[in-house]
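> Compute the structure for the input listed below.
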Amino acid sequence: MTTYTLHLARDARPGDPTALDEAEIVKDGFSWGAFFFTFLWFFFHRLWLAGLLVLVALVALQVVLTALNVNLGVRFVAELLFQILIGLEAESLRRWTYDRHGRTAVDVVTASDRDEAEAKTFARWLQQAASRSATSSSPSPSSALRPHPGTEPVIGLFPDAERPR
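Now for the predicted structure:
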């Protein structure tokens, strides 16, 4: 099971189905696309700043390895380790970028794949509208002051009131 986060605009109201049109679901885990395509993966996901930083880091790594006249085997290992680091951190950089642009994480869900995560997060988001409408129909002020029949206030640390004898 993988963890996914749902990112929506800050002004999205809970339960609003139109907010889901621009929703982003981000997987928490290793990104094979970022591992193989490095900065191109970031540009594809419109993460311009993160992609530019990765590109600069890749060029800097090549310059340092060339300046140090590093052996071909060591160069391969260094590049491989850098790509593994990118694969591990790509989704975190994606979440960071969304948060910077005002698209905060509003839900976290565990699912086996992206489709299941989308279904779960969207269902939770839409369910908030139903629960909000149920709580908005508040009781009248006079009925709010009267206790419900059969309930007594609990005094002390015990969670349940004693049963009547």
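
> Thr5 belongs to a strand, doesn't it?
Yes: if the criterion is DSSP: H, G, I helix; E, B strand; the rest coil, then Thr5 is within a strand.

> who touches it in this structure?
Shown in contact with Thr5 (C-beta atoms under 8 Å, 6 or more residues apart in numbering): Ile25, Val26, Asp28, Arg95, Ala105, Asp107, Val108, Val109. In short, each C-beta sits where N, CA and C put it, glycine included.

> List the beta-bridge partners for the second one.
Here Val26 sits in beta bridges with Thr5, going by DSSP bridges.

> Just list the residues touching it, thanks.
Val26 sits in contact with Tyr4, Thr5, His7, Glu91, Arg94, Arg95, Tyr98, Ala105, where contact means C-beta under 8 Å, 6+ apart.

> let's go with 7 Å and repeat that
Residues near Val26 by C-beta atoms under 7 Å, 6 or more residues apart in numbering: Tyr4, Thr5, His7, Glu91, Arg94, Arg95.

> Over to the fifth one?
By C-beta under 7 Å, 6+ apart, the contact list for Ala105 reads Thr5, Leu6, His7, Arg95.
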